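Engineer: sequence and predicted structure, then a few things I'm wondering about:
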Amino acid sequence: MIAMLVLAALPGFLNYAPTPQEAAIEVVNPPRSQVVVLRTNVDGPYAMVLLHGASMEGAPIAAPILLKHFSFGWQTLALVNSRCEIAAYDLGSRAEALLMQGMPAPKDDRPCKGIWKDAGPQAQVDAIRLQMSHALIPSVVVAGDYALGEWYGAGGGQTLFHFTVGSWHRIAGGGGAMGIEGMREYGVPQTDWCAFHIYGAKCP
């Protein structure tokens, strides 16, 4: 299924690459000829890349970019301006220290709220991530026949997917977070709302 979904990605933008450095450069604003990789730290499937000369949404990037290696290659997760943007992935103190070695110190904004990580079968998460043509994709949550992906880098928002006829299809999404009304409109079972962290859902 994943191979089929590669074709669904937008032709002008790749949201993954064979190396963390290439994946990080792929999502920043051009001209890429002026972008220099200052440092790369790798620990297991995660990497941190610090760039010079890069910008996003018209502003220079001073923070490192966190990436993860998926079945299809490296993909960007977050711009690490704060501790919460790396703490959300539960990497552990050793891994965090290795990834942040030599990187600009992020601000300490703990306790962390509203930052999530991937959840659901890994093959399904990978398939959804391949369809998301966005710069930074912090999380994809799969619950039953629905999935919700978070993104930012050119604005920010969520994209809703539905698994039907043997594959995942984008059915809604845009700037901002989806709420209860959107869940009802697109037929998402109420039992899945808490998994998607929908604002206003009554969760245990």
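Structural biologist: That came through fine.
Engineer: only C-alpha atoms for contact and neighbour calcs from this point on.
Structural biologist: OK.
Engineer: what strand or helix carries residue 98?
Structural biologist: helix 93-100 (DSSP states H and E).
Engineer: what packs against the helix or strand following that helix?
Structural biologist: Using DSSP H and E, the helix or strand that follows helix 93-100 in sequence is helix 122-131. Helix 122-131 sits against helix 2-6, strand 140-143, strand 146-152, with contacts defined as 3 or more CA pairs under 8 Å, 6 or more residues apart in numbering; DSSP states H and E.
Engineer: compare those and say which comes out lowest on pLDDT.
Structural biologist: Here the helices and strands packed on helix 122-131 differ in mean pLDDT, and the lowest is helix 2-6 at a mean of 32.
Engineer: output the below-cut-off pLDDT ranges for this protein.
Structural biologist: Along the chain, segments meeting pLDDT under 70 span 1-13, 31.
Engineer: which residue is nearest the middle of the chain?
Structural biologist: Nearest to the geometric centre of the chain sits residue 137, at 1.6 Å (CA atoms, centre = their mean).
Engineer: which ones are touching that one?
Structural biologist: Applying CA atoms under 8 Å, 6 or more residues apart in numbering to residue 137 gives the contacts 75-78, 129, 149-152.
Engineer: let's go with 6 Å and repeat that
Structural biologist: Taking CA atoms under 6 Å, 6 or more residues apart in numbering, we find residue 137 in contact with 77, 150-151.
Engineer: okay, residue 138 and residue 38: tell me how far apart.
Structural biologist: 23 Å (CA to CA, to the nearest Å).
Engineer: what's the neighbour count on residue 40?
Structural biologist: By other CA atoms under 10 Å, 19 other residues sit near residue 40.
Engineer: before we move on, the earlier item: neighbour count winner among residue 138 and residue 38?
Structural biologist: It is residue 138, of residue 138 and residue 38, that has more neighbours when counted by other CA under 10 Å, with 24 against 13.
Engineer: quick one: the more buried one and residue 77 touch, right?
Structural biologist: Yes. The criterion here is CA atoms under 6 Å, and residue 138 meets it with residue 77 at 4.4 Å.
Engineer: helix or strand: which one has residue 75?
Structural biologist: If you go by DSSP H and E, residue 75 is part of strand 73-79.
Engineer: just residue 159 next, same as before
Structural biologist: Per DSSP H and E: residue 159 is located in strand 156-164.
Engineer: and what of residue 138?
Structural biologist: Following DSSP H and E, one finds residue 138 outside all helices and strands.
Engineer: that one and residue 119, how far apart?
Structural biologist: 11 Å.
Engineer: and if you look at residue 137?
Structural biologist: Distance from residue 137 to residue 119, by CA to CA: 13 Å.
Engineer: one more: residue 40?
Structural biologist: For residue 40, the distance to residue 119 equals 26 Å [CA to CA].
Engineer: also residue 167?
Structural biologist: Counting by CA to CA - residue 167 and residue 119 are separated by 18 Å.
Engineer: now do residue 41
Structural biologist: For residue 41, the distance to residue 119 equals 25 Å [CA to CA].
Engineer: cool, and residue 171?
Structural biologist: With distances taken as CA to CA, residue 171 is found 20 Å from residue 119.
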